[in-house]
Structures are given as C-alpha cells and as structure tokens.
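> Predicted model, plus sequence, below.
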Amino acid sequence: MPETPNRARPLSPHIGIWRWGPAMTVSIVHRATGTALTVGMVLLCWWLSALAGGPADYAGFVDLFTYQSGKLNIVGWIVGVGLTLTLFQHMASGVRHLFMDAGDNFELKSNTLTAWATFAFSILATIAFWAAILLENSHV
Amino acid sequence: MFKALSIDASPEATEHWWHQRLTAGANLFLLLWFIVSLTLLATQAGPLDWATFTSWLKQPLAVILMLLLIGSTAYHFRLGLQVFTEDYVKGAGRAAVLVALNFFTVAIVVWAAFSILKVAFAVAA
C-alpha cells in the first residue's frame, strides 16, 4: 500500500491556475455548434424530401416557417438565422482548427486574434447571406 | 526477449482523426458551393419556390455535388457525435447510443439520397 499522501504539501499549481479565454470559448463553441448542426442535417433532409414530394408537400414544409404572405414567421427566423449562424461558426472554427492541427497558430497573439475572428466571420457571413436572400426576395 | 508490441491505444483512432479532417475539407468546399448556389438562386433565378429549387436540383452537377455533400457531412457528423458520446455518455448507455448513431447516420444518408435522386429523375410535370 502506498503511503497516505501528506495533504499539507503543496501541489503543482498548473492545474488550478488558469483564466477563461477566447481559445477555450471557441473550442467549446465548436463542439456545441457541431452537435447542434445535427438538427440542420435533419432539416436539410426534410427540405430535400419535401422537394421530392411535389409542390403540395413542399408548401406544407414552407408553411412551418412562413406566414401566408410568404414572409418568414418567428420559427423561420429562429431556425433560419440560428442554423446559418451555427454553420458559419462551425466552419470558421473548423478552418482555424485545421491550421492548428498542422502545427500553426499557437502563438498567443494570433491564436487569440483568430479565435475572435471566427465569431466576427460567422456574424458577418450570416448577415451577408440573409441580406442577399431578403433584398432580392422582397416577399420574404 | 519478447517482441515489442504496438503501443497504439487503438489503431482506429488515427484513422478516425484523419477522416474527420478529410471530411472537414470536403465539407468546407461542398457547403460553400451549396451556400453560393442558394445565394445565386435567390439573386438571379426569381422566387425561391418549389419550381426554382427542383429545376436547379435536376442539373447533373447539382445532383452529384449534393449527394457528395450528404455523404461527406454524414460521415463527419458520425465521427464527431461519436467523440461527443464517448466524452459525455458514461456506462452501459454509451454502446446503445453509438449503435443508435450508426442507424441514424445510415437513415439520414438513404433518406437524403433517395430524395435527391427522385427530384433528379422525376419526369417534368
């Protein structure tokens, strides 16, 4: 039997000393968005099968996300913007991840900067995507 | 003297890791194509309705890339959700979740592929 450790002795401090940072945020967000995108996968398949089902099936699918007028309802806004934001975020943090897998981008400054950049990219890309859709389709 | 044994914790682990990255690259390309296509349809092809989408999805290139997109993203989420399950689901339930994940992945792929091909090969109304 090993001796009972002396609890009074100091432990190596590296485990207990840390501060939450953008790199950790982007890491857990990458995992959360990846998991959430399973919902997007199901919706993509649902959309494809509604297209395959014909105009009546497709109208039923679209009706879940729009008003009679064709404008997006609250579900359409939450699901539409939520999923595009989630996708762009996972895409950006995934690309950052690939650079780190190759051994790049471990310098503190660039690592932190690119962590923030993934959030900036996902928000801007989401705005750009919906602007393109909405500006050209005024009925939406 | 005994021969040195492989010290790999699991020989599949490297393949899992590498395939996650391979499909990530494929997903990046295929999803950017899909997003750009949707944007072009919205800005150039008129109303985003059933007729617009189905005539787009009848083009051979769109059919092929859409099938590849489904395959690559399904493989990628299958690997990713496996890691998620292994990290957060403890005990006997883990195996059940992993088996369910395999069934779910196959179901998604077959569902999507059937739908894409049905649109692709449908006789014009």
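Nice, thanks for sending it over.
> The longest helix seen in chain B: which residues count as buried?
Longest helix of chain B, by residue count under DSSP state H: helix B:11-44. If you call a residue buried by 16 or more other Cβ atoms under 10 Å in any protein chain shown, then helix B:11-44 has these buried ones: B:20-21, B:23-24, B:26-27, B:30-31, B:33-35, B:37-39, B:41-42. All C-beta atoms are positioned from the backbone trio N, CA, C, and that covers glycine.
> Might you enumerate the residues of chain B proximal to chain A?
When proximity is defined as Cβ under 8 Å from any Cβ of the partner chain, chain B approaches chain A at B:21, B:24-25, B:27-28, B:31, B:35, B:38-39, B:42-43, B:47-51, B:53-54, B:57, B:66, B:70, B:73-74, B:77, B:80-81, B:84, B:108, B:111-112, B:114-116, B:118-119, B:122.
> residues near B:Ala113, how many?
17 (other Cβ atoms under 10 Å in any protein chain shown).
> In a helix, it, correct?
Yes - using DSSP: H, G, I helix; E, B strand; the rest coil, the secondary structure at B:Ala113 is a helix.
> what separates the nearest residue to B:Trp33 once chain neighbours are set aside from chain A, distance-wise?
Nearest non-adjacent residue to B:Trp33, counting by Cβ to Cβ, 6 or more residues apart in numbering or on different chains: B:Leu65, 5.8 Å away. Going from B:Leu65 to chain A by Cβ to the nearest Cβ, to the nearest Å gives 13 Å.
> OK, contacts around B:Leu65?
Going by Cβ atoms under 8 Å, 6 or more residues apart in numbering or on different chains, B:Leu65 touches B:30, B:33-34.
> Could you list the buried residues of whatever helix or strand it lives in?
Using DSSP states H and E, B:Leu65 sits in helix B:60-88. By neighbour count with 16+ other Cβ under 10 Å, helix B:60-88 contains the buried residues B:62-63, B:65-67, B:69-82, B:84-85.
> And stretch B:88-99, by the same measure?
So stretch B:88-99, judged by 16+ other Cβ under 10 Å, has buried residues B:Val97.
> Isn't A:Asn105 up against A:Asn111?
Yes - look at A:Asn105 against A:Asn111 with Cβ atoms under 8 Å: they come within range, at 5.6 Å.
> what's the nearest residue to A:Leu48 if we skip its chain neighbours?
Using Cβ to Cβ, 6+ apart, the nearest residue to A:Leu48 is B:Ser115, at 3.9 Å.
> count of residues packed around that neighbour?
Applying other Cβ under 10 Å, we find 23 residues neighbouring B:Ser115.
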